[in-house]
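# okay, here's the prediction I keep looking at, along with the sequence it came from:
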Amino acid sequence: LSHILQSPELKREVKPPVLSLLGDLAIACGGNYDKYLDHTMPMLMQAAATQVEGDDEEILEFFDELREGVLDAYLGIVNGLDGPKVQLLLQPTNYVQPIFHFIELIANDENKGEDVTKLATNLLGDLARCLGKPIAAYFQNPGVQKLLEAQHEIEQNSEDNTGELASRYATKEIKALFASA
């Protein structure tokens, strides 16, 4: 997959679903996905660092799709590794810091789509649930609260209130992280 993503012949529309596929693979492999972390995480971090300028609707739409693909991959990896191997996101290489940097970029982007906001909010909840205390300090970042507030506002204005709300889930997991102090 990394060769596919790096190919200059690959149309850009294909990249987000391929990134998302990494998350599906992580869930399917479970704890055995650990051997692929050193290959996939730098690729995801590179995609997460992509920035766009301007207000071209087509470019902004692609940018959101790219971020959705990265978020899907991160969600799949965190949940696929859930258990003792999820700690590999912290050691020997700290992959959590760039994930939170990506979340902060999303939180501060006024052009982000609702799906990006929801996926990033769910990722916050999953990170709190799966990694716990070792990453508590990352939740002190103002971008975390800003993202939670943005998702809560989206949910308040939505007519679809089925299932657990992303903002409620993430807030519950983050509060549980600090309550067990």
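It's in.
# just the mean pLDDT for the helix or strand containing Pro16, thanks.
Secondary structure from DSSP states H and E places Pro16 in helix 15-29. Averaged across helix 15-29, the pLDDT comes to 94.
# what comes up buried for it?
By neighbour count on 16 or more other C-beta atoms under 10 Å, the buried set for helix 15-29 is 15-16, 18-23, 25-27, 29. C-beta coordinates here come from the backbone N, C-alpha and C atoms, glycine included.
# reformat those as TSV; add distance to Asn79.
Below are the buried residues of helix 15-29 laid out as TSV (distance: C-beta to C-beta, whole Å):
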residue	distance to Asn79
Lys15	22
Pro16	19
Val18	19
Leu19	16
Ser20	14
Leu21	15
Leu22	13
Gly23	8
Leu25	12
Ala26	8
Ile27	6
Cys29	11
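# tell me the one of the residues you listed nearest Gln140?
Gly23 (26.5 Å; C-beta to C-beta).
# contacting residues around the residue nearest the centre of the chain?
Against the mean C-alpha coordinate of the chain, by C-alpha atoms, centre = their mean, the closest residue is Leu71 at 3.3 Å. Counting by C-beta atoms under 8 Å, 6 or more residues apart in numbering, Leu71 makes contact with 116, 119-120, 123.
# dump the helix or strand harbouring it to CSV, restricted to CA.
Element membership for Leu71 (DSSP H and E) is helix 57-80. Extracted C-alpha coordinates of helix 57-80, given in CSV (Å, rounded to 0.1, in the frame of the first residue of the first chain):
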residue,chain,number,x,y,z
GLU,A,57,-14.2,24.1,-3.2
GLU,A,58,-12.8,21.1,-4.9
ILE,A,59,-9.4,21.3,-3.1
LEU,A,60,-11.1,21.8,0.2
GLU,A,61,-13.3,18.8,-0.4
PHE,A,62,-10.3,16.6,-1.2
PHE,A,63,-8.5,17.9,1.8
ASP,A,64,-11.4,16.8,4.1
GLU,A,65,-11.5,13.4,2.4
LEU,A,66,-7.7,13.1,3.0
ARG,A,67,-8.1,13.9,6.6
GLU,A,68,-11.1,11.5,6.9
GLY,A,69,-8.8,8.8,5.5
VAL,A,70,-6.1,9.5,8.0
LEU,A,71,-8.6,9.6,10.9
ASP,A,72,-10.1,6.3,9.8
ALA,A,73,-6.7,4.8,9.7
TYR,A,74,-5.8,6.2,13.2
LEU,A,75,-9.1,4.9,14.6
GLY,A,76,-8.5,1.5,13.2
ILE,A,77,-5.0,1.3,14.5
VAL,A,78,-5.9,2.4,18.0
ASN,A,79,-8.8,0.0,18.2
GLY,A,80,-7.0,-2.8,16.4
